[in-house]
Structure formats: structure tokens, C-alpha cells
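Participant: Generate coordinates for the sequence data below:
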Amino acid sequence: MDALLANLHLVEGDYLKRAAILLFHSTPERFVTGAYLKIGRFATDDDLRYQDEVHGPLLDQIEKGLDLLLTKYLVADIRYGGASRTEVFMFPPEALREALLNALAHKDYSSSAPVQISVYDDRLIFWNDGQLPDHWTVENLTHKHPSRPFNPDVANTLFRAGYIESWGRGTIKMINECRRHALPVPRYTFEAGGCTVEFLKYTEAALRQQGLRDELIKIVLSVQTAGTVTNSAVQQLTGVSKSTATRFLNELDRLGILQKSGTTGVGTEYVLKGS
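Facilitator: From the prediction side, this is the model:
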């Protein structure tokens, strides 16, 4: 173990670095307060139904946290293709894995707040204490960017263990996975000293709560399933005229739910915002 820690640059003189404790100690909280993962299932923001905590070294938190999220907190649809049975989750597991890795690798461990995952009927939110590199904005996360880990020693070990690629592609992989599954792209925000990654899936109940009319709800759910929609498709879906369909699409555009894809004109396609 001593040789391994030295090879991973997790020792300094005769002393272990904090990253060594976080990564390999069975109870890192003895030395680093808040070094654990908390998951909660919410009906509304102020209605917590149940929760779990995942303790132990970061390598265990990654595996146990994702397993707990997929087996207890997210309900999978069962589909069959011939004789094969497939479980389809509300959000792509690959994207959730990247979000969990990012939260644990980039958390500010001088804070006593644990990494937190809040699960709702229509969304899932990862939060960790931390901040963007100097002179960066959220926009940097949506396209290719250099790897600037908040905890370099932790990131180096996760790279050596095969968990991350160390190329700053995690946020882009989350975006691409959501696009591939016809979902809104993740929302990245940094405020009050913390980083939030929010995954969203439109549901009839949530859209109705936002005040959307039945026709608009039909359009949004159709785009989420099919990936795109055109004016003529909206006419068929809602039984309205071309001008009314145009008004519906423009309204959803203004609300930040849909956007035009590619060229405009006859046959213009609309997709979910950010897709």
C-alpha cells in the first residue's frame, strides 16, 4: 500500500495527503468532516419522503451511490425486444455516473457539507460545495474545455483507476447522453458556493403545474418522445390550423422549452431547448 500511495503522489514526506484519506480510508469522516454522500427522495422541495447516506472511501461511494440511485430511487420501465428484457431508466445511467464522479471529484472538502442528490418525480439534482476555475463561466462546461480538477490528487487517482478520462469531457458526455435519449440537456449552475447539475424529464403533471395548456403539453411530450416536431405535426397532434400551430411553437420557444433546429422555412423542426 505504501508503494501504491507513493506512486499516486498521495504522500508528502512521512505524511498522507488528505486525498489519500478520502480515497482509501474506511472512515474518511474521522478526518474530513462531510466526506460522504447523501441521497433524498422528495415529493416537493419541502416534502422529503426518505433518504440514505453512503459512507466510506470515495471509491466505494462512487459504486454504492450509483447502485443505490438506480435500484432504489429511480424506477425503470421494462421493455422487451424479442426475447430480451431491457430496463430503461428515466435518465441515462452513463450521465448520472458522470455527474456523481464530478460531484465527488470536484467537491470542496474544506466544507462540512456532503455531496447531495435530490430525486423528484421529474428531475434529479446533484449538488456539491465547490466553485468554477477562475475566469470560467457555466458556458465553458457545455463545449470542449481543458481539465481543471478542483482536487488534482483525487482526480489523478480516479483517472489511474479508469473512472475518468482527465480530459474535461464529463460535462459534454452528460449533455450528449441526454440528447441521445431525447431529454433536455443538463442544467449547470454555480451559486452560493455550490455546483448544481440538474437532469429534467418533462411530465404532464409538472408541465401542468407550470401553467401550460393541454395543447402545449401534448407538443412537449411528443417532442420528448420523438426528438423533433414540425408545424404540420403539431396541426395533426392538436387539430389546429397552421397559424395556430405556429403560435403554439413560438410560445414554447419563448418559454425556453423548444427551439428551432437547423434551417428555417417549410418543414422547420423544433427540438427541446439545448438539444
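Participant: contacts, neighbours, all on C-alpha from now
Facilitator: Noted.
Participant: Is it correct that Gly130 is in contact with Ala105?
Facilitator: No - the pair Gly130 and Ala105 fails to qualify as a contact (Cα atoms under 8 Å) at a distance of 10.2 Å.
Participant: shared neighbours, those two?
Facilitator: Both Gly130 and Ala105 are contacted by Phe150, under the criterion Cα atoms under 8 Å, 6 or more residues apart in numbering.
Participant: so where do the helices sit in the protein?
Facilitator: Using DSSP state H, the helices found in the chain span residues 2-7, 18-24, 58-68, 93-106, 152-160, 170-180, 204-209, 214-226, 231-238, 242-254.
Participant: Can you give me the buried ones in the last one?
Facilitator: Of the residues in helix 242-254, 245-246, 248-249, 252-253 count as buried by neighbour count, 16 or more other Cα atoms under 10 Å.
Participant: Also the second one?
Facilitator: Of the residues in helix 18-24, those buried by neighbour count under the rule 16+ other Cα under 10 Å are 18-23.
Participant: Of those, which is the nearest to Leu48?
Facilitator: Nearest to Leu48 out of the buried residues of helix 18-24 is Leu22 (Cα to Cα; 28.5 Å).
Participant: check contacts around that closest one.
Facilitator: Neighbouring residues of Leu22 by Cα under 8 Å, 6+ apart: 28, 32, 35, 57-58.
Participant: run the last query once more with 6 Å
Facilitator: 28, 57-58 (Cα atoms under 6 Å, 6 or more residues apart in numbering).
Participant: Which one (most neighbours) among those?
Facilitator: Leu58 (29 neighbours; other Cα atoms under 10 Å).
Participant: My guess is that residue contacts Ile21. True?
Facilitator: No - between Leu58 and Ile21 there is no contact under Cα atoms under 6 Å: 9.2 Å.
Participant: what's Tyr36 in contact with, if anything?
Facilitator: Counting by Cα under 6 Å, 6+ apart, Tyr36 makes contact with 54-55, 114.
Participant: thinking again about what came up before, please produce CSV containing the buried residues of helix 242-254, extended by distance to Thr71.
Facilitator: Listed next are the buried residues of helix 242-254 as CSV, based on distance: Cα to Cα, whole Å:
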residue, distance to Thr71
Ala245, 41
Thr246, 42
Phe248, 39
Leu249, 38
Leu252, 35
Asp253, 36
